[in-house]
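Novice: Sequence first, predicted coordinates after that:
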Amino acid sequence: MDVNNNMNNQPQNREDISEADFLYSQEVIGKLSSYFDAKVVGQQQLKFSLIGSIIADGHILIESVPGLAKTTAAKAISDAVEGKFTRIQCTPDLLPGDIIGTQIYNQATGKFENILGPVFANFVLLDEVNRSSAKTQSAMLEAMQEKQVTIGGKSYHMPEDIFIVIATQNPIEQEGTYPLSEAQTDRFLIKEVITYPTAAEEVEILNRVETGAIANVAPPVLTIKDVDKVQDIAEKVYVDDAIKWYISSIVVASRRAAQIQGLELGKYVRIGASPRASIAFLKMAKAVALIQGRTYVTPEDVKQVSHQVLRHRIGLNYSAVADNVPVEAVIDAIVNSVKAP
């Protein structure tokens, strides 16, 4: 596939982001990065995805085997910001009311009262989300997509400034788990998969445990207003029409991968990405540009987040499982089939 190259040599709206705002955004990103590194050893890709999702104001799903600091990383990035943080440990007996809230009968007044649940926070950590039942998982759909929940016929809105869900899941355990549905996973802006640390990083972990550095509690370095302002700045990052066509072409290619000539891995695609993937590409590409110190998006920014945006939106068939074909390989093949502007 081809995308017309009508990108300008110079970004057209550099002036839309003032020098002061640009420097401010770099300072905030630097503080988030430094705070994360002080709490978590390695996991630079996870740091990039967490900071990117915060700048893009989107939810993130983190997957890995146990013990790789998923929860620690999520807590670290939220601790850096002086906002409300809640942690919900998902279990098979967790009820929707345990998350969004419920009605309780007040004997003194003889009336039912609505009690809000822990989902009403700036940062919500859903730990081991795939251990909760499908009914409980679906209770998060309205909160994540509409930023509101309904209790007893009355709607309650999430915090107006920042509301980000950070969910973790363990892919290797099957007993007592309920795989997330496509409708649920699609609500996550991105999905990050993390791997084991290197030998040197593991030694550093041991050193920090021995000195007690990991247990140290550091005060927040940012406020909710800081994050809110950086999100506003990110929205002004320039995206050329050619980049938008590039994003659209990648997403469309995922839907007809089997029909693209020369794309051998296309036969493994059962279902392609929805328009939410295009929106996620746009938001994350802007965040990446800002993280990289630019006020305009390049094709490389789009490619850099292709795994995170598409790995939970492209469904593979049983042949892919039988042939041990990872979804990342399929994503790379789809992206490479589209000519960058």
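Specialist: Noted; the coordinates are in hand.

Novice: show me where the stretch 51-200 of the chain has strands.
Specialist: With DSSP state E, counting those that start in this stretch, the ranges of strands along the stretch 51-200 of the chain come out as 60-63, 81-82, 85-89, 101-106, 111-116, 123-127, 148-151, 154-157, 164-169, 190-193.

Novice: any idea how far the second one is from the chain center?
Specialist: A distance of 18 Å separates the C-alpha centroid of strand 81-82 from that of its chain, computed with CA atoms, centre = their mean, to the nearest Å.

Novice: domain parsing for the protein?
Specialist: Taking automatic domain parsing as the criterion, the chain consists of the domains 1-17+236-341, 19-223.

Novice: looking at these, which is closest to K229?
Specialist: K229 lies closest, by CB to CB, to one member of the domains of the chain: domain 19-223, at 7.0 Å. C-betas here are computed from N, CA, C, even on glycine.

Novice: Point out where the stretch 51-200 of the chain drops to low pLDDT.
Specialist: The model of the stretch 51-200 of the chain has pLDDT under 70 over residues 173-177.

Novice: sorry, back to before: in a markdown table, list the domains of the chain along with mean neighbour count and distance to V230.
Specialist: Converted to a markdown table, those look like this (neighbours: other CB atoms under 10 Å; distance: least, CB to CB, whole Å):
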| stretch | mean neighbour count | distance to V230 |
| --- | --- | --- |
| domain 1-17+236-341 | 18 | 8 |
| domain 19-223 | 17 | 5 |
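
Novice: which residue sits closest to E204, ignoring its sequence neighbours?
Specialist: Across the structure, with CB to CB, 6 or more residues apart in numbering as the measure, the residue nearest E204 apart from its sequence neighbours is V41 (4.8 Å).

Novice: Using the three-state scheme, assign the one you found.
Specialist: Taking DSSP: H, G, I helix; E, B strand; the rest coil as the rule, one finds V41 in the coil state.

Novice: now it: how far from V124?
Specialist: Here V41 is placed at a distance of 25 Å from V124 (CB to CB, to the nearest Å).

Novice: Also T150?
Specialist: Between T150 and V124 the distance is 17 Å, computed by CB to CB.

Novice: just A183 next, same as before
Specialist: Spatial separation of A183 from V124 under the definition CB to CB is 19 Å.

Novice: Please name the bridge partners of T223.
Specialist: Taking DSSP bridges, one obtains E82 as the residues bridged to T223.

Novice: Thought K31 was touching it, still the case?
Specialist: No. In this structure, T223 is not within contact of K31 by CB atoms under 8 Å, at 10.9 Å.

Novice: Put together a markdown table for the domains of the chain, with distance to K229 on each row.
Specialist: Conversion of these to a markdown table gives the following (distance: least, CB to CB, whole Å):
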| stretch | distance to K229 |
| --- | --- |
| domain 1-17+236-341 | 11 |
| domain 19-223 | 7 |
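
Novice: Specify the local secondary structure of G30.
Specialist: For G30, the secondary structure call by three-state DSSP comes out as helix.

Novice: Can you read off the pLDDT for it?
Specialist: As summarised for this prediction, G30 has a pLDDT of 94.
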